[in-house]
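>>> fold the following for me, if possible:
(chains A and B)
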Amino acid sequence: MKPTCVTKNRNKFVIKRLFSASLLFFSVVLCFSSCHSGKPKGKEKIAVVISTLNNPWFVILGETAKQRAEELGYEVVLFDSQNNPSKETEHFDNIIASGFKAILFNPTDAKGSVVNVKAAKTAGIPVFCMDREIDSKDDATSQILSDNYSGCVALGQQFVKTLNSKGSYVELLGIVGDNNTWNRSKGFHSVVDNYPDLKMVAQQSGEFDRNKAMEVMESMLQAHPDIDAVFCGNDAMAMGAYQAVLAAGKTAKIKIFGFDGAADVVDAIKEGKIEATGMQFPKVMAKTAAEFADKYIKGDHKFDQKVPVAVELVTKDNVEKYMAYGKK
Amino acid sequence: MKRISIIATAIVILALLLYKSVYFEKLDVKKQRELVKSFNPKELVSYFWKNKLPGLLKTALPVSTFDSLLKANPDMLIKQYGKTVGISNNSCYLVCGTFETAGSCNGEISLKCKCNYDYKIQTKYIFNNTARDASGFFRADDFQNSMDFNSVSSEINSLILKEMKTAQTDSLPSGTMIQLAGAIEINKESVSREIEMVPYQIKIISKMQ
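So this is what the prediction gives:
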């Protein structure tokens, strides 16, 4: 009898131990899982790579993309390529190595930036180009771009109207490696070149930079003091050209045309210092790119490769409807 | 029974192999793709003009319908008939109609019409993308870069101006009856009273003596 009692007690003891161990195990699992679910899940990361943050227009583009992506629940890092393609490549290398889920990209060079986009694509990271185009139709997931050509067609028509189809003028081009520079110039010339009494006496790059444009304009004014107008590939150059024209005391004669819709140019149009500009919508482009990236991350992979965003002509007649980089 | 299932499986495999190895494509689609790939705007536009435009013009909206919808229900007009490239307030339309000319000045022909808006045809200068975009035939995605896409517009516009010169439309006297197929672009935020048409075709029905 004794041995049976001992066995029973031992069995009870074993069951008790097993029960306690299971209870402890489940408590630990429960605690771990509840602790885990209570902790905020790590945010996915989106990179915003901007050609230069030394120009207010691109600051607006980058900051808006960052803000919209953050609103959509992502951790966002903003990279400045400082208009330097090798810096841009460094950024892409870091982004690819750091587990970013998407890149909102404003390229430094239409051709040179393709290699970076290809590298991101190979690593499975979608790239959404903003404002500036890359010379490839297969590598970016989508390219949201200003319709520069059409915008400059409208500016060209305004230019012809303002100058009564005659006079001499100079052109300040943007960065020569940027497709936007040529789309703008070609749009403008597709109109203006039809009027034989409108003569372009000089054409030079101001590299989309205010100070550079001022220097170039000063030397152009020395060589061609009798010009009637200047067409500038962006507003920063238009303001640089205005400073040179002001210093030469010719603001009453020389009409200045810009492109972008920057704050100082919108004000200058109101004050009659600048004739017209093409209003781009960087906020629309940046928000669209961020929303596309969000859709992509959530599984929707169908996007138009090129999404042109319309540019609107701003003159003294309609400037009240606009503010910096957009409509009121 | 076993033999039948083996044959059936073999047929399925063969059909699958054939399906995967043979690819059918319409000849004109292939031609169009090749033209875009080996991009020559003149050739591409010439192909479009001869082979695609006539069919597209058959789907053109009568100007009377365009006019009344624009006045009464612009949202419906845009939704049903408008073609918009990218993000824009502008939309383009293929339209057609018979008109009497009211006069011409500086490369513009004014048209007489019992309409809500005043219609004009551009015959001397055409600069915008209206003719390209109203056709709905060209997609930005098909081109390597925007410059190529834009050069299609320049080429179409040049071709239209050439056709207008040949048809001597700049010297049409007032009162001439014409049949017109063209393109219109409107901005939904600011529809102007004057509407410009870019003509694809102008056929003179009768001239005032």
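>>> every contact and neighbour count from this point should use C-alpha atoms.
OK.
>>> is residue A:136 within a helix or a strand, and which one?
Under DSSP states H and E, no helix or strand contains residue A:136.
>>> in contact with it, which residues are there?
For residue A:136, the contact set (C-alpha atoms under 8 Å, 6 or more residues apart in numbering or on different chains) comprises A:114, B:144-145.
>>> residue closest to the middle of chain B?
residue B:135 (1.9 Å; C-alpha atoms, centre = their mean).
>>> next one: stretch A:197-206 to chain centre, how far?
Counting by C-alpha atoms, centre = their mean, to the nearest Å, stretch A:197-206 is centred 29 Å from the centre of its parent chain.
>>> contacts for that stretch?
Residues outside stretch A:197-206 that contact it (C-alpha under 8 Å, 6+ apart) are A:165-176, A:192, A:212-213, A:216, A:220, A:224, A:237.
>>> go on, stretch A:177-192?
So stretch A:177-192 is in contact with A:108-111, A:132-133, A:148-157, A:159-160, A:173-176, A:198, A:233, B:127, B:146-147, B:154, going by C-alpha under 8 Å, 6+ apart.
>>> any of the contacts of stretch A:197-206 buried? List them.
Applying 16 or more other C-alpha atoms under 10 Å in any protein chain shown to the contacts of stretch A:197-206, the neighbour count classes A:165-175, A:192, A:212-213, A:216, A:220, A:224, A:237 as buried.
>>> residue A:65 - how many residues pack around it?
Using other C-alpha atoms under 10 Å in any protein chain shown, residue A:65 has 31 neighbouring residues.
>>> so what's it up against?
Counted by C-alpha under 8 Å, 6+ apart, residue A:65 has contacts A:48, A:104, A:283, A:286-287, A:289-290.
>>> low pLDDT regions in chain B?
Low-confidence segments of chain B (pLDDT under 70): B:1, B:23-37, B:208-209.
>>> cool, and chain A?
If you take pLDDT under 70 as the line, chain A has these spans: A:1-41.
>>> just the helices in it please.
Ranges of helices in chain A, per DSSP state H, are A:2-38, A:56-71, A:85-97, A:114-122, A:148-162, A:179-192, A:210-223, A:235-247, A:263-270, A:282-297.
>>> the fourth one and chain B, any residue contact?
Read that as helix A:114-122. No - if you take C-alpha under 8 Å from any C-alpha of the partner chain as the test, helix A:114-122 misses chain B, and the best it gets is 12.4 Å.
>>> re earlier: tell me which of the helices of chain A lies nearest to residue B:6.
For residue B:6, the closest of the helices of chain A is helix A:114-122, at 42.6 Å, according to C-alpha to C-alpha.
>>> just the buried residues of the closest one, please?
Neighbour-count burial for helix A:114-122 [16+ other C-alpha under 10 Å]: A:114, A:116-121.
>>> before we move on, what about stretch B:200-209?
For stretch B:200-209, by 16+ other C-alpha under 10 Å, it's B:200-202, B:204.
>>> please apply the same query to stretch B:106-125.
B:107-113, B:117-125.
>>> which pair in the residues you listed spans the largest distance?
Between all members of the buried residues of stretch B:106-125, the farthest pair (by C-alpha to C-alpha) comes out as B:113 and B:125, at 23.0 Å.
>>> tell me the one of the buried residues of stretch B:200-209 nearest residue A:74?
The shortest approach to residue A:74 among those belongs to residue B:200, at 49.5 Å (C-alpha to C-alpha).
>>> my read: the closest one touches residue B:160, true?
Yes - the pair formed by residue B:200 and residue B:160 meets the contact definition of C-alpha atoms under 8 Å, at 6.2 Å.
>>> what does the stretch 51-200 of chain A put close to chain B?
A:133-137, A:149-150, A:153, A:179, A:182-183, A:190-191.
>>> of those residues, select the buried ones using a ChimeraX command.
The buried subset of these, as determined by 16+ other C-alpha under 10 Å, is captured in ChimeraX by this line:
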select /A:133,134,135,136,137,149,150,153,179,182,183,190,191
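>>> quick one: the residue nearest to the centre of chain B from chain A, how far?
Distance, residue B:135 to chain A, using C-alpha to the nearest C-alpha, to the nearest Å: 17 Å.
>>> can you check residue B:126 too?
8 Å.
>>> redo the residues of the stretch 51-200 of chain A next to chain B as a markdown table? Include distance to residue A:207.
As requested, these are arranged in a markdown table below (distance: C-alpha to C-alpha, whole Å):
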| residue | distance to residue A:207 |
| --- | --- |
| A:133 | 17 |
| A:134 | 18 |
| A:135 | 19 |
| A:136 | 23 |
| A:137 | 26 |
| A:149 | 18 |
| A:150 | 21 |
| A:153 | 21 |
| A:179 | 13 |
| A:182 | 12 |
| A:183 | 15 |
| A:190 | 22 |
| A:191 | 23 |
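>>> residue contacts, residue B:160?
Residue B:160 is in contact with B:199-200, counting by C-alpha under 8 Å, 6+ apart.
>>> element containing it?
Here residue B:160 sits within helix B:146-166, counting by DSSP H and E.
>>> strand partners (parallel or antiparallel) of whichever helix or strand comes after that helix?
Heading C-terminal from helix B:146-166, the first helix or strand you meet, by DSSP H and E, is strand B:177-187. Sheet pairing of strand B:177-187 (DSSP bridges) gives strand B:90-105 (antiparallel), strand B:194-206 (antiparallel).
>>> please name whichever of the helices of chain A is nearest to residue B:10.
Nearest to residue B:10, of all the helices of chain A, is helix A:114-122, at 38.2 Å by C-alpha to C-alpha.
>>> which secondary structure elements does that closest one contact?
Counting contacts by 3 or more C-alpha pairs under 8 Å, 6 or more residues apart in numbering or on different chains; DSSP states H and E, helix A:114-122 is packed against helix A:85-97, strand A:127-130.
>>> redo the ones you listed as JSON lines? Include distance to residue B:98 and mean neighbour count.
Formatted as JSON lines, the helices and strands packed on helix A:114-122 follow (distance: least, C-alpha to C-alpha, whole Å; neighbours: other C-alpha atoms under 10 Å in any protein chain shown):
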{"stretch": "helix A:85-97", "distance to residue B:98": "57", "mean neighbour count": "17"}
{"stretch": "strand A:127-130", "distance to residue B:98": "44", "mean neighbour count": "28"}
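>>> for residue A:63, find the nearest of these.
Among the helices and strands packed on helix A:114-122, strand A:127-130 sits nearest to residue A:63 (C-alpha to C-alpha), with 12.5 Å.
>>> ok, the residue nearest to residue A:305 when sequence neighbours are not counted to residue B:142 distance?
Nearest residue to residue A:305, sequence neighbours excluded (C-alpha to C-alpha, 6 or more residues apart in numbering or on different chains): residue A:142, at 4.3 Å. According to C-alpha to C-alpha, to the nearest Å, residue A:142 stands 13 Å off from residue B:142.
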